[in-house]
Structures are given as C-alpha cells and as structure tokens.
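> Quick one: sequence plus predicted model below, questions after.
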Amino acid sequence: MTKTSFTLQATDGLARTGRIDTPRGTIRTPAFMPVGTAATVKAMMPESVAATGADILLGNTYHLMLRPTAERIDRLGGLHRFMNWDKPILTDSGGFQVMSLADLRKLTEKGVTFKSHIDGSKHELTPERSMDIQRLLGSDIVMCFDECPALPADRDRIAESMRLSMRWAQRSRDAFGDRPGYMLFGIQQGGLEEDLRAESAEALRAIGFDGYAVGGLAVGEGQEAMFGCLEYAPGQLPEDKPRYLMGVGKPDDIVGAVKRGIDMMDCVLPSRSGRTGQAWTRRGQVNIKNARHQDDPRPLDEDCTCPACRNYSRAYLHHVFRAQEMISGMLLTWHNLHYYQELMQGMREAIAAGQFAAFEADFHALRAEGDI
Ligand SMILES: CO[C@@H]1O[C@H](CNc2nc3cc4c(=O)[nH]c(N)nc4cc3[nH]2)[C@H]2OC(C)(C)O[C@@H]12
C-alpha cells in the first residue's frame, strides 16, 4: 500500500475513534505517541515500546539535526532503520524545541537561527530546511515549521506569531511537495483567542493538509484554560482529518481532550516521570520513592498486566529507585507507557460502544487524590 488515509469508525458525542493507514502500519485513534526525542524512547527497547501497544512514536527535528545530524541518519538508512522501529514515526518540526531549548535565538520572516544547546554550534531552521530534515529522517508524518509563542502573551503578539506561522505553513506545504505514503500536518496557532484560532484554521484549510494539529497549548496555561480552548479549537478544524493535540499530557488531560474531539496526542510525561519514580495508575499517582512503599509486597497496580506489575513488588521498585539502579527507570517507564496505552484502548472501545460517558465517569471515580 503506497497511500495514506484516515477513516472515522465511530463517534460518541464529540469523541471519535478511527484509524490512520500508512505504508508502515495502521495507527488506531485516539492514539498516544510515546516521545523518542533522540532516536530512543528513553529507558525502553523499541520492542518494549511496541509491546505497550504503541502504533507510532514521536521524534524531534531539533535534537536529531544537532546530533547525529539528519544527513548521517539518512546515510545509515533513515530513522526507522537507525532506531530499529519499523512502525510509523511522526517528527516535530523543530520550532518549538528551538524556543524551549536553544540559546541565542534570532527569529526573522525567513526562519530561526540559534546556537546548539549541546555544543554552541550555529544553526538555522526554516520551513524549507525543516521539511528537508524530516524527509532525510524518513518521517511518516511531517509537521509544518511553526512558531509557538510562550504564554502569557498579549493578543497582538499572538496574532502576529500566528500569521507568521501561517505563512510558514504555506512554505512548508510548498517545500514538502508531492510525497505519496507520507503525510504533512498543519499546526493551528492563535493562543487562547477563539477568533485568531478560527483565522488560523481557515488559513490551514485553504492550504490543505493530511492532518491538523492544535498547537500553542500545554505551555503553562493550565488544564482549565486548555479545555476552554478545546471547547472550540478542534471543531474549527476539518472533521475528516486527524486532529493532533501537541504535548498533552496527564491522564485526565488526555481523557478531556479525547472527549472534545482530539484524535492524537504526545507527551514526555509518562517516560520522563517514570524515570523519576512517578507511576501513573488507574487509581491515581504513586510516588514509589516514598518510604511507605519500603515493605509493601503488592504490585503498583493489582489490575495492571505490565512486566513491572506482574513481576515486582512496590518494595522492590522502591529499593531500585533508592539504589538508583538502571532497572528502576526501565520498569516504571514501561508501566507508565503501558498504562497510557491501556487508557487509549479503553477509550477507543468505549467510543465504539457509545459508552464514552460511562468510561469517563469510571475513570474519575477510581482516581484517589494524592499518593496511593
Ligand atoms: C509536559 O511536557 C512539557 O510540556 C511541553 C509539552 N507541550 C507542548 N506544547 C507544544 C506546542 C507545540 C507547537 O505549538 N508547535 C510545535 N511544532 N510543537 C509543539 C510541541 C509542544 N509541546 C514540553 O515542552 C517543554 C520542554 C516546555 O516541557 C515539556
């Protein structure tokens, strides 16, 4: 199969379930994408990531262009071969990471120049260069090169930034060209301003993309403001294409986003917090480094089938975190990613059965406040 397609299979309220078909495999939506920033989902073997149920993972243009460079990965057969992951990969386009990680950034109409946070070397990213890097990586889903303003920002700054991103979206589309089997997603901007978000959605729709991301969120605005934006932003985007909310989030963020019509999400949280001893479970959060787990023979989550919950006690996990053993981050990252994928599967089934409201009620009823 050389084409790509998005098929909506069922809806329940604004929630949707479907599939994105690509030559490298099918992505079941709603989908959660583990983050594999530097060509690895930290502390996980690729086969373990697949075992958690992930259909797709995320890579980053910014990190890979700096090290080992997109040209080297291309010479070695592309990112899938390089990192031994043969399912779909979505790559972010670099603008957001430049603004959150690089030094000495200079933003012009052309693009962004910056110094590497790794070795201080000078680099430039433009829509054209970002498309070229993502092509060299072999990314199945390419993101437009955009600018994501830090919040809070005044309305004029948000409008100006959004309009720049829309001009960059056109340049990204033009530079991407015609690539059957590969998808290009536009990214909506506009901060928390409904009319600016509508203007951005119309600009993207006029250009035409294979999917549409809600960008500019999960940048410190908080869940209430994010959900407020999600009351209208997904509905401004084409209904027949995937809607991707970038950088989200905690389990309750994810359930709330799917409820409001989001199909895809990514977040460093399950892997990053797994490495620090923070476990996410259906009953809430467990900080395994807390002394009260020291003698607890129970698993993290009695109902979880992941290797950490099947084979180890809280006492063991507590011990290996205290002892700073490498297995600690491996086991908790595996558990967290497994839990996130179970959450997504549960929502896909609930939407297909017209039971999303009941699923959401159960989700919240089970979650205790604080450490369990
Ligand atoms: C919980 O993780 C922290 O929160 C950020 C995730 N939030 C986020 N919002 C995003 C927006 C955009 C966007 O508008 N455009 C493009 N191209 N990519 C984006 C990527 C994004 N990721 C992570 O980013 C930092 C490093 C700030 O902390 C993490």
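That came through fine.
> Look through the chain and state the residue closest to the ligand.
Gly247 (2.2 Å; Cβ to the nearest ligand atom). (Glycine included, C-beta is placed from N, CA and C.)
> Give me the local confidence score for that residue.
Looking at Gly247, its pLDDT stands at 98.
> Touching, it and Met264? I think so.
No - contact criterion Cβ atoms under 8 Å: Gly247 and Met264 do not qualify, at 11.6 Å.
> Which one of these two is surrounded by more residues?
Just comparing Gly247 and Met264: by other Cβ atoms under 10 Å the higher neighbour count belongs to Met264, 27 against 22.
> So in terms of bridging, what pairs with that one?
Counting by DSSP bridges, Met264 forms beta bridges with Ala31, Tyr244.
> show me what contacts it?
27, 29-33, 211, 242-245 (Cβ atoms under 8 Å, 6 or more residues apart in numbering).
> Which ones among these also lie next to the ligand?
When Cβ under 6 Å from any ligand atom is applied, no member of the contacts of Met264 is adjacent to the ligand.
> which parts of this structure sit against the ligand?
Within the chain, the residues that sit near the ligand (Cβ under 6 Å from any ligand atom) are 92-93, 95-96, 100, 143, 146, 148, 187, 215-219, 246-247, 267-269.
> host element of Thr2?
Element membership for Thr2, per DSSP states H and E: none, as it lies in no helix or strand.
> May I have the predicted confidence score for it?
On the pLDDT scale, Thr2 gets 79.
> Wait, it touches Pro23, no?
Yes - at 5.9 Å, Thr2 and Pro23 qualify as touching, with contact defined as Cβ under 8 Å.
> who has more neighbours, these two?
Applying other Cβ under 10 Å to Thr2 and Pro23 shows that Pro23 carries more neighbours, namely 13 against 7.
> Which residues are in contact with each of Thr2 and Pro23?
What both Thr2 and Pro23 touch, as defined by Cβ under 8 Å, 6+ apart, is the set Gly181.
> what's the spatially most central residue of the chain sitting at in phi/psi?
Centroid check for the chain by Cα atoms, centre = their mean gives Asp266 as the closest residue, at 1.5 Å. Main-chain torsions, Asp266, degrees, to the nearest 10: phi -140, psi 150.
> again, but for the one 4 residues further on
Backbone torsions of Pro270, given as degrees, to the nearest 10, read phi -60, psi -40.
> Run through the residues that contact it.
So Pro270 contacts 34, 280, 333, 336-337, 339-340 (Cβ under 8 Å, 6+ apart).
> can you give me the helices in the stretch 1-150 of the chain?
46-51, 61-66, 70-75, 79-83, 95-101, 127-137 (DSSP state H, counting those that start in this stretch).
> hang on, I meant the stretch 151-300 of the chain
155-176, 194-207, 223-230, 233-236, 251-259, 269-275.
> Including distance to Val49 and mean pLDDT, could the ones you listed go into JSON lines?
Below are the helices of the stretch 151-300 of the chain laid out as JSON lines (distance: least, Cβ to Cβ, whole Å; pLDDT from 0 to 100):
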{"stretch": "helix 155-176", "distance to Val49": "27", "mean pLDDT": "98"}
{"stretch": "helix 194-207", "distance to Val49": "30", "mean pLDDT": "98"}
{"stretch": "helix 223-230", "distance to Val49": "26", "mean pLDDT": "98"}
{"stretch": "helix 233-236", "distance to Val49": "27", "mean pLDDT": "98"}
{"stretch": "helix 251-259", "distance to Val49": "18", "mean pLDDT": "98"}
{"stretch": "helix 269-275", "distance to Val49": "10", "mean pLDDT": "98"}
